[in-house]
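Visitor: Just need the structure, nothing else, for what follows:
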Amino acid sequence: MKIYHNPRCSKSRQTLSLIEKKNKEIEIIEYLKTPATVEELKSIIEKLGIKAIDLVRKKEQIWIEDYKGRDLTDKKILEAMVENPNIMERPIVIDGNKAIISRPPENVLTFMD
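Guide: Predicted coordinates:
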């Protein structure tokens, strides 16, 4: 199991805590320090069953200033997330071929059952 984690985000911390309480082995990826690659993002999006734009935090200032309202291809959206990892939704939990955006954090509990 992996979590794309931001330790400064309360939802991410709560999700990680719920996973640890279930004694699940977890790989923690601090994506702000180690941003996902375009290929990793494509894989995450496929596992989530969403479109690239659905992985974007659209209220982040950098998104509003630099990207909002522009006609962006999926490739450009992925590149934007690589360059600005803080615009990626969080936390993302991956288990094999499944993934979930754990908002609210309790979503991870149904994901692990």
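Visitor: Please enumerate the strands of the chain.
Guide: Listed in chain order, the strands found in the chain under DSSP state E are 2-5, 27-30, 92-95, 98-101.
Visitor: per-residue confidence at Met112?
Guide: As predicted, Met112 sits at a pLDDT of 84.
Visitor: Kindly report the same for Val38.
Guide: At Val38, the model reports a pLDDT of 98.
Visitor: returning to that earlier point: of all the strands of the chain, which one is nearest Lys42?
Guide: Proximity to Lys42 (CB to CB) singles out strand 98-101 among the strands of the chain, at 12.1 Å. In this view, the C-beta of every residue, glycine as well, is placed from N, C-alpha and C.
Visitor: Reformat the strands of the chain as JSON lines; add mean neighbour count and distance to Leu78.
Guide: Output for the strands of the chain, formatted as JSON lines (neighbours: other CB atoms under 10 Å; distance: least, CB to CB, whole Å):
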{"stretch": "strand 2-5", "mean neighbour count": "22", "distance to Leu78": "14"}
{"stretch": "strand 27-30", "mean neighbour count": "14", "distance to Leu78": "17"}
{"stretch": "strand 92-95", "mean neighbour count": "22", "distance to Leu78": "14"}
{"stretch": "strand 98-101", "mean neighbour count": "18", "distance to Leu78": "16"}
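Visitor: Would you convert these into CSV that also reports mean pLDDT and distance to Phe111?
Guide: Shown next, in CSV, are those (pLDDT from 0 to 100; distance: least, CB to CB, whole Å):
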stretch, mean pLDDT, distance to Phe111
strand 2-5, 98, 11
strand 27-30, 98, 16
strand 92-95, 97, 6
strand 98-101, 96, 5
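Visitor: Compare those strands and give me the one nearest Ile64.
Guide: strand 98-101 (20.3 Å).
Visitor: What pairs with that closest one, parallel or antiparallel?
Guide: strand 92-95 (antiparallel) (DSSP bridges).
Visitor: still on that earlier bit, turn the strands of the chain into TSV, columns for distance to Leu16.
Guide: Conversion of the strands of the chain to TSV gives the following (distance: least, CB to CB, whole Å):
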stretch	distance to Leu16
strand 2-5	6
strand 27-30	7
strand 92-95	9
strand 98-101	13
